[in-house]
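Chemist: Below is the sequence, then the predicted model.
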Amino acid sequence: MKKCIIAISSVNHAIRSEKFLSSNGIKSKIVKLQPNLTKKGCAYGLELNCKDLPAAISFLDNAGIPYSEILR
């Protein structure tokens, strides 16, 4: 199972995103990122199964929850 990471700038947004995705049936976990892994230096990310990525992005966009980039 391949994992993808949605990079998020703050721990508060990461916690909110994890809870929101979980309530919509998508399992994810918060991971700490090295700042040099992302263009904006995001410190947190949500790790999830890559097959769930399109749905997760759609849910986050519709809810207005910000994220910066996707790491594969």
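Modeler: Everything's here; your move.
Chemist: so where's the longest helix in the protein?
Modeler: Across the chain, the helix with the greatest residue count (assigned by DSSP state H) is helix 11-23.
Chemist: list the helices and strands it packs on?
Modeler: Packing partners of helix 11-23 (3 or more Cβ pairs under 8 Å, 6 or more residues apart in numbering; DSSP states H and E): strand 3-8, strand 28-32, strand 44-49, helix 53-63. All C-beta spots, glycine's among them, are computed from the backbone N, C-alpha and C.
Chemist: So which of those is nearest residue 70?
Modeler: Set against residue 70 and scored by Cβ to Cβ, these come closest in strand 3-8, at 6.0 Å.
Chemist: any weak-confidence spans in this protein?
Modeler: Applying pLDDT under 70 to the chain flags residues 42.
Chemist: try 50 this time
Modeler: For the chain, not a single residue meets the criterion pLDDT under 50.
Chemist: Can you give me the buried ones in stretch 21-30?
Modeler: Judged by neighbour count (16 or more other Cβ atoms under 10 Å), stretch 21-30 contains these buried residues: 21, 26, 28.
Chemist: And stretch 3-11, by the same measure?
Modeler: 4, 5, 6, 7, 8, 9.
Chemist: What is the distance between it and the centre of its chain?
Modeler: When distances are taken as Cα atoms, centre = their mean, to the nearest Å, stretch 3-11 is centred 4 Å away from the chain's centroid.
Chemist: Equivalent analysis for stretch 41-55, please.
Modeler: 4 Å.
Chemist: repeat for stretch 27-42
Modeler: The answer for stretch 27-42 is 9 Å, by Cα atoms, centre = their mean.
Chemist: what does stretch 59-72 give?
Modeler: Remark: stretch 59-72 is offset 6 Å from the chain centroid, using Cα atoms, centre = their mean.
Chemist: coming back round to it: contacting residues around the longest helix of the chain?
Modeler: 6, 8, 27-30, 43-46, 48, 56, 59-60, 63, 65-67 (Cβ atoms under 8 Å, 6 or more residues apart in numbering).
Chemist: next one: stretch 30-45
Modeler: Residues outside stretch 30-45 that contact it (Cβ under 8 Å, 6+ apart): 5-11, 13-15, 18, 46-47, 68-69, 71.
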